[in-house]
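Engineer: Sequence and predicted structure are below.
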Amino acid sequence: MALRVLPLFVLLAGIAVAVFLWVAVSTQQVVCPQATAQKRAYAIRGRWLAGLLVALLAAFALSLAFFPYISATAALAPALRVPVLAEQYSFEMPAHLPLGKPIIFEVTSRDVNHDFGIYDPAGRLLAQVQAMPDYTNYLRVVFHKPGRYTARCLEYCGIGHALMQNTFTVGEGQ
């Protein structure tokens, strides 16, 4: 491991020394008046700001399609509403859910904050939402594979937190 790190360190140290030397040599020029230097600095700062704003807007525009929020048309589409009540240390919810149909989980808590996480049969986290007392969060999910899914609490809620889970099946005709 040390033999791999040494060449990288030498390379980075060489770059740092080269930058310091370049700064030392480039500052040997004739000093310009404060007003000129300030005007150049503000121009550079303005170009950097404009470039940064363009890059951020482009990144936002390119990633907008991948945001996990419910679109207006999806929100209007009919969906099965499933109430989920979290309490120490269980989830109250149906044992069977349909395959391929939009489901909106209406998640709330009876006691403390919990986190409702849905895991697929392979153990991968599919979706999650906060469960809070006196507040209902909505989680829209469409299950594309049949099988046994697990709901787990993802926020420490007390001594029995590790045991707080529930399973449900997803299949045709459920």
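Structural biologist: Sure thing, it's come through.

Engineer: Report the residue ranges of every domain in the chain.
Structural biologist: The chain breaks down by automatic domain parsing into domains covering 32-67, 72-171.

Engineer: Of the ones you listed, which stretch is the most buried?
Structural biologist: domain 72-171 (a mean of 16; mean count of other Cβ atoms under 10 Å). (Glycine included, C-beta is placed from N, CA and C.)

Engineer: pLDDT score for Lys39?
Structural biologist: We have a pLDDT of 89 for Lys39.

Engineer: Quickly note the distance from it to Asp120.
Structural biologist: Distance, Lys39 to Asp120, by Cβ to Cβ, to the nearest Å: 60 Å.

Engineer: Please apply the same query to Val142.
Structural biologist: Using Cβ to Cβ, Val142 is found at 12 Å from Asp120.

Engineer: Equivalent analysis for Lys101, please.
Structural biologist: Distance from Lys101 to Asp120, by Cβ to Cβ: 16 Å.

Engineer: Low-confidence regions, this structure specifically.
Structural biologist: Applying pLDDT under 70 to the chain picks out residues 1-3, 68-77, 173-174.

Engineer: ok, which stretches of it are helices?
Structural biologist: With helices called from DSSP state H, the chain shows them at 2-26, 34-63, 72-76.
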